[in-house]
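Novice: the following block contains a protein sequence and its predicted model.
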Amino acid sequence: MEHVSNCEVCGNAIFTPELAKDHFIIVKCLKCGLEFVNPRLTMFENRDFYEDSSVSYGRYLDRETFDTQIQKAVVKGILRYKQCGRFLDVGCAIGNRLQVAKDYFEIYGVEIAEWAAKYASERLGIEIWQNPIEELWLPSNFFDVITFSEVIEHLHSPAAFLREIHRILSVGGIVYLTTGNTLSLDALYWKEKWYYYAPQYHLFYFNHRNMKLLLSKTEFEILESRGSIRVLDMFDIFSAYPDIFRFLRGVVGKFSWRGFTVANMGVIARKL
Ligand SMILES: [Zn+2]
């Protein structure tokens, strides 16, 4: 375990315990409202989870068609600002977004889960890099669009990650990211039961304001910042809200069921 002594966003050193879950404590920065796990598992201790992530990635197959519809909307949003060039998706899973983006862009993908990387690579006909972005030694000013959905909350230093993204992105290049929003209705209503509070592997919990602060600190300008839809399937609902799962099973019986949450934020920003 390791202790975090300063807020990743504002550098403040005064935190208050916000909630306890799964034997971890999530604290809140008194200055900017960033919530984070403290103390937390070290990168080494956390590795086991990612090595086993083929289990959770397998779920993407089940919702591939549905997710592709969402990715079409995401790419459409990006096309407002960038219409061609090199497009990198970090944490590309089985490649649904890249599949859509390749009609407009030259595509690149990073995915550390071996099973998903292999699937995406065969499907898209490109190499999918399996290392963390900081270990790839990518050239500066290379990409025109970089997207990372549900990635930043897993990282030990979101600021270091954004600085690396900034370096490899061309000037005026576009970033699209999604992550949880601690001020969403979902989060406020469910409190510690909010499915996003998963402190073993979600280390940071942002709101729109401190995300804006982090992006401006790493020299990005926000173009759009809004609620983002995330698809929940039976597995998510069961793991996050077992009571609701039991209730729904009673209502819908054996039928497959999907739901939505707007607990997340989607942000489009430009490299300054
Ligand atoms: Zn702070």
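Specialist: The structure has been received and is ready for your questions.
Novice: tell me the strands beside the helix or strand that contains Ile107, with direction?
Specialist: Per DSSP states H and E: Ile107 is located in strand 106-110. Strand partners for strand 106-110, identified by DSSP bridges, are recorded as strand 86-90 (parallel), strand 128-129 (parallel).
Novice: residue of the stretch 101-250 of the chain nearest the ion, please.
Specialist: Asn210 (6.5 Å; CB to the ion). For every residue, glycine as well, the C-beta is placed using N, CA and C.
Novice: now do the helices in the stretch 151-272 of the chain.
Specialist: Under the criterion DSSP state H, counting those that start in this stretch, the stretch 151-272 of the chain contains helices at 158-168, 185-190, 208-217, 234-240, 242-252.
Novice: where's the third one relative to the chain centroid, distance-wise?
Specialist: The one in question is helix 208-217. 15 Å (CA atoms, centre = their mean, to the nearest Å).
Novice: which helices and strands sit right next to it?
Specialist: Helix 208-217 makes packing contacts with helix 158-168, strand 220-232, strand 259-271 when contacts are defined by 3 or more CB pairs under 8 Å, 6 or more residues apart in numbering; DSSP states H and E.
Novice: quick one on the thing from earlier: from the strands paired with strand 106-110, which stretch is densest packed?
Specialist: Most buried of the strands paired with strand 106-110, by mean neighbour count (mean count of other CB atoms under 10 Å): strand 86-90, with a mean of 24.
Novice: give me the angle between that one and helix 158-168.
Specialist: 160 degrees (axes from the mean of the first three to the mean of the last three CA atoms, to 10 degrees).
Novice: C-alpha coordinates for strand 86-90, CSV please?
Specialist: C-alpha atoms of strand 86-90 as CSV (Å, rounded to 0.1, in the frame of the first residue of the first chain):
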residue,chain,number,x,y,z
ARG,A,86,-4.0,9.9,-36.8
PHE,A,87,-6.5,8.6,-34.2
LEU,A,88,-5.3,6.8,-31.1
ASP,A,89,-7.7,5.0,-28.7
VAL,A,90,-6.0,4.2,-25.4
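Novice: hmm, who's touching it?
Specialist: 95, 97-98, 101-102, 104-110, 133, 142-148, 151, 165, 168 (CB atoms under 8 Å, 6 or more residues apart in numbering).
Novice: the residue lying closest to Val175 once chain neighbours are set aside and Leu183: what is the separation?
Specialist: Nearest residue to Val175 in three dimensions, chain neighbours excluded: Ala269, at 4.7 Å (CB to CB, 6 or more residues apart in numbering). Distance, Ala269 to Leu183, by CB to CB, to the nearest Å: 19 Å.
Novice: neighbour count winner among the two?
Specialist: Ala269 (25 against 14; other CB atoms under 10 Å).
Novice: show me what the more buried one is bridged to.
Specialist: Counting by DSSP bridges, the residues bridging with Ala269 are Val175, Ile222.
Novice: what about Glu219, how many residues nearby?
Specialist: By the other CB under 10 Å criterion, the neighbourhood of Glu219 contains 12 residues.
Novice: show me what counts as buried in the strand holding Ile107.
Specialist: 107-110 (16 or more other CB atoms under 10 Å).
Novice: same check, this time on stretch 35-42
Specialist: Buried-residue list, stretch 35-42, by 16+ other CB under 10 Å: 35-38, 40-41.
Novice: what does this protein put close to the ion?
Specialist: 7, 9-10, 12, 29, 31-32, 34 (CB under 5 Å from the ion).
Novice: so where is the stretch 1-150 of the chain shaky, pLDDT-wise?
Specialist: Scanning the stretch 1-150 of the chain for pLDDT under 70 picks out 47-64.
Novice: could you measure from Glu111 over to Val267?
Specialist: Counting by CB to CB, the gap from Glu111 to Val267 is 21 Å.
Novice: correction: Asn6
Specialist: In terms of CB to CB, Asn6 sits 23 Å off from Val267.
Novice: which one of those two is surrounded by more residues?
Specialist: More crowded of Asn6 and Val267, by other CB under 10 Å: Val267, with 22 against 12.
Novice: the more buried one reaches Ser225, doesn't it?
Specialist: Yes: contact criterion CB atoms under 8 Å: Val267 and Ser225 qualify, at 4.8 Å.
Novice: can you work out which residues contact both of the two?
Specialist: Common neighbours of Val267 and Ser225 (CB under 8 Å, 6+ apart) are Met211.
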